[in-house]
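**Q** turn this into a model:
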Amino acid sequence: MATLAISGLHVDVLTETGPIEILKGVDLTADSGKVHAIMGPNGSGKSTLAYSIAGHPKYRITSGSVTLDGVELTKLTVDERARAGLFLAMQYPVEVPGVSVANFLRSAKTALDGQAPKVRTWVKDVNAALNKLELDSAFSSRSVNEGFSGGEKKRHEIAQLELLNPTFAILDETDSGLDIDALKVVSDGINRYTAGGDRGLLLITHYTRILRYVHPDVVHVFVDGRVAETGGKELAEELEANGYERFTRKAA
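**A** Purely as a prediction, here's the structure:
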């Protein structure tokens, strides 16, 4: 049972003119076996939440707590958070020229497990993961995200999810820029990850279209740096029909 518990989280973003508070007291608990979706308008702080949990240096936690199975993540380095079981799929994955997908994945697996995977079985595992994401084996020889289409970047992130099998995954707008075919492939990968019931998922999205394929158990509406309301999948249906006006008006 994996539990991500966020309590009273306040976060500043560091800018040239000084710090600006983005998260203003986030309280949220997400357990494994359930898909938690975070929805909200642009600028509400959804991505800030994801990057803060992962340990991005641009975001400064001024108060509050984030624990994964009781381990306080805010006191850990980025790599220690990954070894504790946390995974972040970024909205805009960065390019790593000169580092092949194959080497990147093997290095990540080695860092997590403390020992390198056996080459023969690892190659089979990588090819199998890529195949499930409808990427051919030659994809593994390309430099990470260099020249990738939007769909290839997101499929590569889900291949990482499949191979690294973290305890808890945060997916930041994984549906962004995907056509319908790629959306289905990516959604299938997410559903494989959650199928066992022992993994946690926080899915950040603007739109409900991915929620047609990855069905949420809990929906959190994020407005002005806080969780404005929590409900079931019917809350996502309300947002699809009426937008965020009810929540943004209340926050104003």
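**Q** residues contacting whatever helix or strand S52 lives in, please?
**A** Per DSSP states H and E, S52 falls inside helix 46-54. By CB atoms under 8 Å, 6 or more residues apart in numbering, the residues outside helix 46-54 that reach it are 4, 6, 9, 11, 13, 22-23, 26, 38-40, 58-59, 61, 66, 73, 78, 81, 86, 88, 90-91, 170, 172-173, 202, 204, 222, 225. (Glycine included, C-beta is placed from N, CA and C.)
**Q** cool, and stretch 20-28?
**A** By CB under 8 Å, 6+ apart, the list of residues contacting stretch 20-28 reads 4-13, 36, 45, 48-49, 52, 59, 62, 64, 220, 224-227, 230.
**Q** go again with 10 Å.
**A** Stretch 20-28 is touched from outside by 4-14, 36, 38, 43-49, 52-53, 59-64, 66, 202, 218, 220, 222, 224-227, 230, with contacts defined as CB atoms under 10 Å, 6 or more residues apart in numbering.
**Q** got the buried residues for it?
**A** For stretch 20-28, the buried set under the neighbour-count rule, 16 or more other CB atoms under 10 Å, comprises I22, L23, V26, L28.
**Q** dump those residues to TSV, plus pLDDT, secondary structure and distance to E152.
**A** As requested, the buried residues of stretch 20-28 are exported to TSV (pLDDT from 0 to 100; DSSP: H, G, I helix; E, B strand; the rest coil; distance: CB to CB, whole Å):
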residue	pLDDT	secondary structure	distance to E152
I22	96	strand	30
L23	97	strand	31
V26	97	strand	32
L28	97	strand	31
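**Q** and for D79, the neighbour number?
**A** 11 (other CB atoms under 10 Å).
**Q** mind starting the numbering at 22 from now?
**A** Understood, numbering begins at 22; the last thing we discussed is D100.
**Q** quick one, what contacts the nearest residue to it once chain neighbours are set aside?
**A** Excluding the flanking residues, the one nearest D100 by CB to CB, 6 or more residues apart in numbering is A132, at 6.6 Å. Residues counted as contacts of A132 (CB under 10 Å, 6+ apart) are D100, A103, R104, L185.
**Q** state the distance from A132 to K55.
**A** Distance, A132 to K55, using CB to CB, to the nearest Å: 28 Å.
**Q** try N152
**A** N152 is 29 Å from K55, by CB to CB.
**Q** just to revisit the earlier point, what about the contacts of helix 67-75, which are in helices?
**A** V99, R102 (DSSP state H).
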